[in-house]
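Trainee: pasting the sequence and the predicted coordinates here, then a few questions.
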Amino acid sequence: MRRNLAARIGVWSAHHRKTAILGWLLFVVLAAGIGGASGMVEMTDAENGAGDSARAEQILSDAGLSHRAGELVMVSSARPDGWKTAARELTTALGKTGEVTGLKAPVAAENGKDALITFEMKGDAATASDRVQPVLDAVEGVRKGQPDVTVHQFGDASAGKWLGDLLSDDFKKAEFTAVPLALGILLVAFGAVVAALLPVGLALTACMAAFGLLSLASHQLHLFQTTYSVMFLMGFAVGVDYCLFYLRRERDERAAGRDAETALRIAAATSGRSVLVSGLTVMVAMAGMFLSGLLLFKGFAVATIIVVFIAMMGSVTVLPALLSWLGDRIDAGRVPLLNRRSKRGAKKESGRIAGKLLRPVLSRPKFFAAASVVVLLVLAAPALGMKTESLGLEKQFGSQSELAVAYRHISETFPGGPAPAQVVVEADDIEAPAVRKALDGFDKVTVHRAQNVAEMEVPMERGKADLTELREHRLPAAFDGTGARAYVTGETAGSVDFTAQLKSGIAPVFLFIAAVTFLVMLFCFRSYVIAVTAILLNLLSVAAAYGVMVAVFQHGWGASLIGSEGVGAIESWMPLFVLVVLFGLSMDYHVFVVSRIREAHGRGLATPAAIDEGIRRTAGAVTGAAVIMVAVFAVFGTLSMQDMQQMGVGLAVAVLLDATIVRMVLLPSVMALLGERNWRTPRGLSRLPALDHSEPEPEPGPAVDPVGSVRHG
C-alpha cells in the first residue's frame, strides 16, 4: 500500500530509532550550545520604529550621534523650599557615581514644593541600563536619608533596568508555571507518568533548540526583547499539542486491539499527516508578518517559524522512535484513579460526552449554527471601538507600580518633562543663515556642525495634539524654503508612526494568510467549501478574541479579576499578532478534526454520521490540546507587563472559544447543513493532487516483542 510522507517518516524512525533519538539529542545540544555562545542581538530604536520617527533615529545613528539615556529625578516636600537640602545631597551623590553627565541645577515648580533634576547617563544609551545601578543606589540613599521628602525617578536607563529585570523574572515564572501545568493536564489525560512526560520533554527540547537557532538568526535580523517569550509561548504550546495528537491516536489504536507496529503506522499516516499539514500552515501563515513592514514582526515571524518547524519535525521523527522503543511501557507509572483505559473501551469512553453534546447539534443544526454565531458576534462587539497605541512603560507596569507613579507625578508637576518630542534637522549646510534663523526659533537646540545635523527638544504637554501641531504647522513654517529637513521622534511620535504603519500593513497580511489558508485547505481536502468555511470560522474566533481584549484591557471590564487594569488602549502590535497566530493555531484543530471526518466519510459513511464519528473520536485529543494551550497562554496573562497580559488572555480566550463553540458546535452544525456539498470538487480542480484521508489497512510487519516494541534482527 502507498504510504504518505508522514507514514514513511514514522516507519523509518521506528525502524531506526537509535539514529532518530540520538540525532535529535545531538541537534538540540548543538543548536542550544552554539546559539547560546553567540548571544542575541537586539534591534535599535531606529530599526524598531517607522515613518519620520525612525528616519530621525537613523539620521542620528548614521552621524554617530546616538542618544544618551536621559533621567529625571523629582524631589518633593510638604513646604516650599523644603526640598533644597535633599536636592543638594542628591546632586552631590549623583556626581560621585561617575556615571552621569549634563547634571543640571534643580528647577523649582511654581508651587515651590517640587524640584526637577535632569541629567544623562554617560556612554551608549543601549547599555545604560546595565550601568545605572550606582545611580539608583544614590537616589535610594537620599530617599532613605531624607524621610521628610519624596523622591521620584524616571528615565530611559532606570526604566530599562526595571524592564530587563521584570522580563527575566516573568520569563522564569512563565517557564516554571507552564511546564508543571501542562504536565499535570497530560497526567490527567493519560493517567501515566511516562505518557505525560513525553510531550512535555519533546516540546521543551524543541524550544531549547529553537532558542539557539534564533540567537544565531538575530545576528542577521535583530530582535525585540520580548521575542524569546513569544517563541516559548508558541513553541511549548504547539509542541505539546502535536505530540498529543500523535500519541493519542497511537494509544487509541492500541486500545482497539492493533499491534504496536500497525498502531504506530496508522498514527503516523493520519495524525502525523495532520501535524505536517498544520505545522506547514502555521509556518506559512506566520510568514505573512514579513509583509507588515516592521522589523518587530519580522523577528516574530522568524521566531515562530523556527520553533513550529522544530516542534513539527520532532513530532513526526523522534516521537515515533520513542513510541517504538517504549511500546507498552508508555503506560509506565500509572496513577491510581486516573488510568481508566481499557483495551476495547477507550474510544467509546473518550467520545461518550462529546456524543451526548453533539446529538442535539446534529438534530437541530440551523438553531445551533445561528446561536453560536450570535454568541461569537456578541463577544466581538466591543472590538468595534478598539483603540491602539504603543503603550509606554508607565502603562505597561500598571498604574500603581513605582515607575508609573513616578512618571505620573513628574508629568503632572512638570508637563512635557518625561516625554518631550525630539526634533532632528539635517541640512547640506547646518550653518546656512536661513537654517540658523529657523533653529533660533526653538529652545534647547544642539548643533553638530561636522555632521550638519541639529537636535532640539520640544515639550509635549498635550501629547498627540502637540505632535500634530509640530509636524503639520510649526516645523513647516520654520524650515520651508531653507533646504533643511526636519523629523520628529520621541515616545509620542514613535507610537503614532508605529501604529500608522501597522494599520497600513494589516490588510496585506490578512489577505496573505487568508489566501494561504484557502489554498492549504483546498489542497488538503479538495473542497473549496471546506476552505471557505475554515476562513470564516477563524475570522469569528479572531473577532471574539478582539472583543474580549478590548473589554478587559481597554475598558477594564473584569480586569481586576486577573490582576490587571484597563489602560484605555490595546498595544499597537497586538491585533496583527493575534490575527496571524490564531489563524495559524486554529488550523491545528481544524485539520485534525476535519481530517477525521473526511476519513470516516471516505469509508462510506454519510456526512452526518461521519461528522458524529469524527467529532467523537477527536474530542479527547482536541479537548486535551485546548486545555494545555489555554493553560499556557493564561500563564502569560498573569505576567507583569500589559502587552504580555493582553497576548496571553487574547490567545487563551480565542483557543477556548475555538475548541468549544467553534469546533464542537459551529463546525458540525455548518457541515451538517452543507451535507454532501462539503466534499464537492469543482471540475476545474479535479486534477488537483489529493491527500489520502483513509485509515491505512493493516500490513504484515516486523515481529513485536512482549512490551510492544518493534523487534529487529
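Mentor: Thanks, I have it.

Trainee: residue ranges with poor pLDDT in this protein?
Mentor: In the predicted model, the chain carries pLDDT under 70 at residues 1-3, 337-352, 416-419, 682-713.

Trainee: which residue is nearest the middle of it?
Mentor: residue 230 (4.0 Å; C-alpha atoms, centre = their mean).

Trainee: what strand or helix carries it?
Mentor: Per DSSP states H and E, residue 230 falls inside helix 227-255.

Trainee: buried ones in the helix or strand where residue 176 lies?
Mentor: Assigned by DSSP H and E, residue 176 belongs to helix 156-190. Neighbour counts over helix 156-190 (16 or more other C-beta atoms under 10 Å) mark 156-163, 166-167, 170-171, 174-175, 177-179, 181-183, 185-187, 189-190 as buried. Every residue, glycine included, has its C-beta placed from N, CA and C.

Trainee: picking up where we left off before, contact partners for the residue nearest to the centre of the chain?
Mentor: Applying C-beta atoms under 8 Å, 6 or more residues apart in numbering, we find residue 230 in contact with 300, 303, 304, 577, 647.

Trainee: farthest pair in those?
Mentor: Within those, 303 and 647 form the most distant pair, 13.6 Å apart (C-beta to C-beta).

Trainee: with neighbour numbers in mind, choose between the two.
Mentor: Each of residue 303 and residue 647 has its neighbours counted (other C-beta atoms under 10 Å); residue 303 has more, 29 against 26.

Trainee: from what I see, that one and residue 229 are in contact.
Mentor: No. Using C-beta atoms under 8 Å, residue 303 is not in contact with residue 229, being 9.7 Å away.

Trainee: how far away is the residue lying farthest from the centre of the chain from residue 445?
Mentor: The C-alpha centroid of the chain is most remote from residue 433, which lies 51.1 Å away (C-alpha atoms, centre = their mean). Counting by C-beta to C-beta, to the nearest Å, the gap from residue 433 to residue 445 is 15 Å.

Trainee: got the residue ranges for the strands in the stretch 201-350 of the chain?
Mentor: With DSSP state E, counting those that start in this stretch as the criterion, the stretch 201-350 of the chain has no strands.

Trainee: tell me where it has helices.
Mentor: 227-255, 260-267, 273-287, 295-316, 318-326, 346-363 (DSSP state H, counting those that start in this stretch).

Trainee: closest one to residue 51 among these?
Mentor: Nearest of the helices of the stretch 201-350 of the chain (C-beta to C-beta): helix 295-316, 13.4 Å.

Trainee: against which helices or strands is the closest one packed?
Mentor: On a contact count with 3 or more C-beta pairs under 8 Å, 6 or more residues apart in numbering; DSSP states H and E, helix 295-316 meets helix 5-15, helix 45-48, helix 193-217, helix 227-255, helix 273-287, helix 574-602.

Trainee: hmm, try it at 6 Å
Mentor: helix 193-217, helix 227-255, helix 273-287 (3 or more C-beta pairs under 6 Å, 6 or more residues apart in numbering; DSSP states H and E).

Trainee: quick check: closest non-adjacent residue to residue 566.
Mentor: Once flanking residues are discounted, residue 566 sits nearest to residue 556: 2.4 Å by C-beta to C-beta, 6 or more residues apart in numbering.

Trainee: whoops, I mixed them up, residue 269
Mentor: residue 7 (3.8 Å).

Trainee: tell me how many other residues crowd that neighbour.
Mentor: 24.

Trainee: how close does it sit to residue 277?
Mentor: From residue 7 to residue 277 the distance is 13 Å (C-beta to C-beta).

Trainee: burial of residue 289, as a residue count?
Mentor: With other C-beta under 10 Å as criterion, residue 289 counts 27.

Trainee: show me the residues around it that make contact.
Mentor: 297, 300, 301, 580 (C-beta atoms under 6 Å, 6 or more residues apart in numbering).

Trainee: what residues does the last one make contact with?
Mentor: So the one you mean is residue 580. 285, 288, 289.

Trainee: need those in JSON lines with distance to residue 451, can you?
Mentor: What follows is the contacts of residue 580, written out as JSON lines (distance: C-beta to C-beta, whole Å):
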{"residue": "285", "distance to residue 451": "44"}
{"residue": "288", "distance to residue 451": "39"}
{"residue": "289", "distance to residue 451": "35"}
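
Trainee: for residue 308, state which of those is nearest.
Mentor: Proximity of the contacts of residue 580 to residue 308 (C-beta to C-beta) peaks at residue 285, which lies at 9.7 Å.

Trainee: distance of the closest one relative to residue 530?
Mentor: The spacing between residue 285 and residue 530, counted by C-beta to C-beta, is 17 Å.

Trainee: kindly report the same for residue 355.
Mentor: In terms of C-beta to C-beta, residue 355 sits 23 Å off from residue 530.

Trainee: which one's more surrounded, those two?
Mentor: Set residue 355 next to residue 530 and count neighbours by other C-beta under 10 Å: residue 530 wins out with 22 against 15.

Trainee: for that one, which non-adjacent residue is closest in space?
Mentor: Nearest to residue 530 is residue 521, by C-beta to C-beta, 6+ apart, at 5.4 Å.

Trainee: residue contacts, the one you found?
Mentor: 530, 531, 534.

Trainee: so which strand or helix has the last one?
Mentor: Yep, that's residue 534 we're talking about. Counting by DSSP H and E, residue 534 is found in helix 528-549.

Trainee: buried set for that helix?
Mentor: Result for helix 528-549 [16+ other C-beta under 10 Å]: buried residues 529-531, 533-535, 537-549.

Trainee: checking my notes, residue 66 in a strand, right?
Mentor: No. Residue 66 sits outside any strand when classified using DSSP: H, G, I helix; E, B strand; the rest coil, being coil.

Trainee: before we move on, the earlier item: please report how far the residue farthest from the centre of the chain lies from residue 484.
Mentor: Distance from residue 433 to residue 484, by C-beta to C-beta: 12 Å.
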